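Colleague: Pasting the sequence and the predicted coordinates here, then a few questions.
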Amino acid sequence: MFRYIVRRLLQMVLTFFGATFIVYALMFANQDDPLQALAGERPLTENVRQALTERYHLDQPFIVQYWYYMKGLLTGDFGTSLTNRKIADMMTTAWPVTIRLALMAIVIAAAIALLAGVISGIRRGGIFDNVTLVLTLIILSLPIIVLAPLCQLIFGIKLGWFPPTAGAHPTFWALLMPAVVLGSLVVATELRVTRASVAENLRSDYVRTARAKGLSRKRVIGVHVLRNSLIPVVTLIGVDIGGLMSGAIVTEGVFNIPGVGFNLFRGIKTEDGPLVVGFVSILVIVFLVVNLLVDLLYAALDPRIRYE
Amino acid sequence: MFGKPWKVAVGATAIALLAAGCSSGGSDDSDSASNTIVVGIGEPQHLIPTNTTETSGAQVLAALFYPLVDFDDQNKPVTVAAESVASDDNKVWTVKLKPGFTFSNGEPVTADSYINAWNYGAYGPNAQLASYFFERIQGYADMQSVDPDEDGPKKAPEPKAKTLTGLKKVDDNTFTVTLSEPFAGWESVMGYSAFYPLPNAAFSAPGVIADGFEDAIIGNGPFKMKGTWQHDSQIEVAKVDGFKGTVPKVDGVTFKIYQDQKAEYADLTAGNVDVQTSIPIESLAAAPGDLGDRFQKSPSSSFQFVGFPTFQKEFSDVRVRRALSMAVNRQEMTDQIFLGSQKPATSFVSPAVAGFRENTCGANCQYNPTEAKTLYDQANGPKKIQITYNADGGHKAWVDAMCNQIKQSLPGVDCVGTGEPKFSDLLTKVEKKTPVGLIRLGWVMDYPLMENYLGPLYSTTGSSNYYGYSNKEFDNLVAEGSKAKTTDEAIATWQKAEDILARDMPVIPLRFGQNTYGFSEKVTNVKVDTQTRVDLYTIEVAS
């Protein structure tokens, strides 16, 4: 187990550098005039352009720019954005609020998906099952870019139950609606996977054996079925973190949350390479850690899986 | 029966509550009884006056600083922080400050406060976005570094001078500004936010702004910053006690930062924001119903037009340019695409400046498809018209509409709109003289003078004259107006220059911008100026 973890950690280092390199290269390739974006539609005077080009090494070839960036990164300096703000400062305001949002979304989505998924898995073909299937279909077909403003309009403005926007330091209540909207992005697939998995396991041999041994239904479903059904769901939840990040770009925009999604969007729009790569670096780490955790959870859920 | 899943759900909710529980309530609470207001803005790029060229930053600076001159209803300059601004020859300007003013940290405002701030702004290596405002002052060129091998990798040398020779201190309350050329409109130029003073506390060494000063900037205005600039979140300002100038009626303003105007509008309708200076076009249709008479319009300085690359053969005939202008139905475009949020333009300068006249474009800007057709056929205009715009600016809808109008007015002529991803892509193509057809452009004024439209947009060396219009007579008239003895004389000359434009039609004027703003029930007397800023001196909390 220990050796497995060490091996995975070493792989993570490689993946980290590979991923940041690719993202940096893509940003560089896509860059034509980031300084003009600063000045809007006004022509930038030659002097200002020259001074800024020098300040941000914009006239240097790709590999030199990447070297400047990596040198800073390895010494813990994320660099400065084109608006001259420390990217590290931007991260300390952006990450906490996005982590809270994503965590709430995951928990809400997983709780609903597991609960409803297990019930409809057990009572396949029943009213509850059919109703959830129709509901998930609706949620699946509603893109978040429609759902988010719709929820804002209905629950935020017309009914006034929630504040329409959350802001940088939201209360739990203000963040609840964005989290539900964000969670809806993944809840339908998670629910359907749980349902299918539960339904399949209910028919399996070991469940029949358990029942034949006279175990209570509660124990059969609670321990035997649920534990095995969780494996695909846990994988899915791990992967969903990526989906939540892309959904966060829209959700954070609609609910005015200055988090990671918003900063990524801003960075891409203003061709701000260091800003994008800085946030992506952390995202990559989050991904890697979550994936490691998911893999380790397998072993906990299924005693047949052992890591060497 | 389902004990386990329920426990999971309960546990999960508990975790979520814990995760989200660490919030600091109360910071967003707006005490309805207090005399403060919330104004929505975007995240400012910068708050150093000489580096601020966009509206959000300018709005915050307008609260923190007190300008030398402001503008009256006719957009003529009136002195505010200055006791007097005078010149005999329009070249050497003497600025006398009102005595007794202080910065919000207690430092007195002196001539040096202005001289130091302006020198900082004009110094090339500081790369201040508004540095071009100081161009007219003597000694500006020496403060810019010249690249020795044009655009080589060699590092540019340090500029010859660190200060403007045109700025001279007379005494603590008086200084002179010497321009390199006489300019009648100089007083108006000094009304721009780039000309605010800075206290000594701003500088850690002469010519170097202290780290962190921008986040807690100190001004000479009626408000001071409360705490620091909370990036992407808000900027709070509170009234300065015993302020010597015009005292605003509200005790404080919270500038709440929005990434998206639609989100800001949602907060406006819910009463969490008191003023939104520009309502997004998606919400315009709903705004009169949502806000009633709290939805208002006022003139802004923006001017939208398309330019003809006059250096290209197919647009060199003025009849082609006039015909295309007549083929466009401006009224229909503003009504249907912009829902009345913009006004049809039939002049070459905005109504926001003194000297503006209606309809200077005359018949050339009146929708007249039959005349357009006759002219176009006579001149044998091109069979295919292309209009290039930047796709990130939301211009597709009206460019397509304009194309349809051209196709209808001029049968047999095809018209397509071509989107370039960004404005800089469009500029690159134009600078390389790639044939892009008509060019979509817009302009927002820096200071309310006709010259601020005529100079940059239409003169041969104009900074935003991308379409290469060049007319000696026009250039001379603009220059002559700038050197005129009085502003009225200047305006008369500039108006003559504008008449030449109506003859030459280097561009098709399309629309003048309007502020479409809304406010909550909490505030009254809301005014939004031509630069899309809320007037913080008149706004009041409704009793």
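Modeller: Here it is on my side, so go on. Bear in mind that the values here come from a model prediction, so they are computed numbers and not experimental data.
Colleague: Could you pull out the helices in the stretch 201-350 of chain B for me?
Modeller: Ranges of helices within the stretch 201-350 of chain B are B:261-269, B:281-284, B:287-291, B:318-326, B:330-336, based on DSSP state H, counting those that start in this stretch.
Colleague: Remind me what the shortest one packs against, helices and strands.
Modeller: Applying 3 or more Cβ pairs under 8 Å, 6 or more residues apart in numbering or on different chains; DSSP states H and E, one finds that helix B:281-284 makes contact with helix B:261-269. In this view, the C-beta of every residue, glycine as well, is placed from N, C-alpha and C.
Colleague: hmm, try it at 10 Å
Modeller: Judged by 3 or more Cβ pairs under 10 Å, 6 or more residues apart in numbering or on different chains; DSSP states H and E, helix B:281-284 is in contact with helix B:261-269, strand B:507-519.
Colleague: Tabulate those (JSON lines), appending mean pLDDT and mean neighbour count.
Modeller: Formatted as JSON lines, these follow (pLDDT from 0 to 100; neighbours: other Cβ atoms under 10 Å in any protein chain shown):
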{"stretch": "helix B:261-269", "mean pLDDT": "92", "mean neighbour count": "24"}
{"stretch": "strand B:507-519", "mean pLDDT": "93", "mean neighbour count": "24"}
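Colleague: how about those, which one is nearest chain A?
Modeller: helix B:261-269 (4.0 Å; Cβ to the nearest Cβ).
Colleague: Just the buried positions in stretch B:462-475, please.
Modeller: For stretch B:462-475, a neighbour-count test (16 or more other Cβ atoms under 10 Å in any protein chain shown) marks B:Gly462, B:Ser464, B:Asn465, B:Tyr466, B:Tyr467, B:Tyr469, B:Ser470, B:Asn471, B:Phe474, B:Asp475 as buried.
Colleague: scratch that, stretch B:427-436 is what I was asking about
Modeller: Buried residues in stretch B:427-436, defined by neighbour count with 16+ other Cβ under 10 Å: B:Leu427, B:Lys429, B:Val430, B:Val436.
Colleague: Which of the residues you listed fall in helices?
Modeller: B:Leu427, B:Lys429, B:Val430 (DSSP state H).
Colleague: Keep only these that also lie close to chain A.
Modeller: By Cβ under 10 Å from any Cβ of the partner chain, the members of those lying near chain A are B:Leu427.
Colleague: Same list (the ones in helices among the buried residues of stretch B:427-436) but as a markdown table, adding pLDDT.
Modeller: Shown next, in a markdown table, are these (pLDDT from 0 to 100):
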| residue | pLDDT |
| --- | --- |
| B:Leu427 | 83 |
| B:Lys429 | 84 |
| B:Val430 | 84 |
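Colleague: Show me which of the ones in helices among the buried residues of stretch B:427-436 is closest to chain A.
Modeller: B:Leu427 (6.9 Å).
Colleague: Now for the closest one: which residues touch it?
Modeller: If you count contacts by Cβ atoms under 10 Å, 6 or more residues apart in numbering or on different chains, B:Leu427 has them with A:Asp33, A:Gln36, A:Glu41, A:Pro43, A:Leu44, B:Asn390, B:Glu420, B:Ile439, B:Ser464, B:Tyr466.
Colleague: Look up which helix or strand B:Asn452 falls in, please.
Modeller: Using DSSP states H and E, B:Asn452 sits in helix B:451-458.
Colleague: do B:Thr493 as well
Modeller: B:Thr493 belongs to helix B:487-504, assigned by DSSP H and E.
Colleague: what number of residues lie near the residue nearest to B:Gln408 when sequence neighbours are not counted?
Modeller: Nearest-residue entry for B:Gln408: B:Pro369, 7.1 Å, with adjacent residues in sequence omitted and distances by Cβ to Cβ, 6 or more residues apart in numbering or on different chains. B:Pro369 has 18 neighbouring residues, counting by other Cβ atoms under 10 Å in any protein chain shown.
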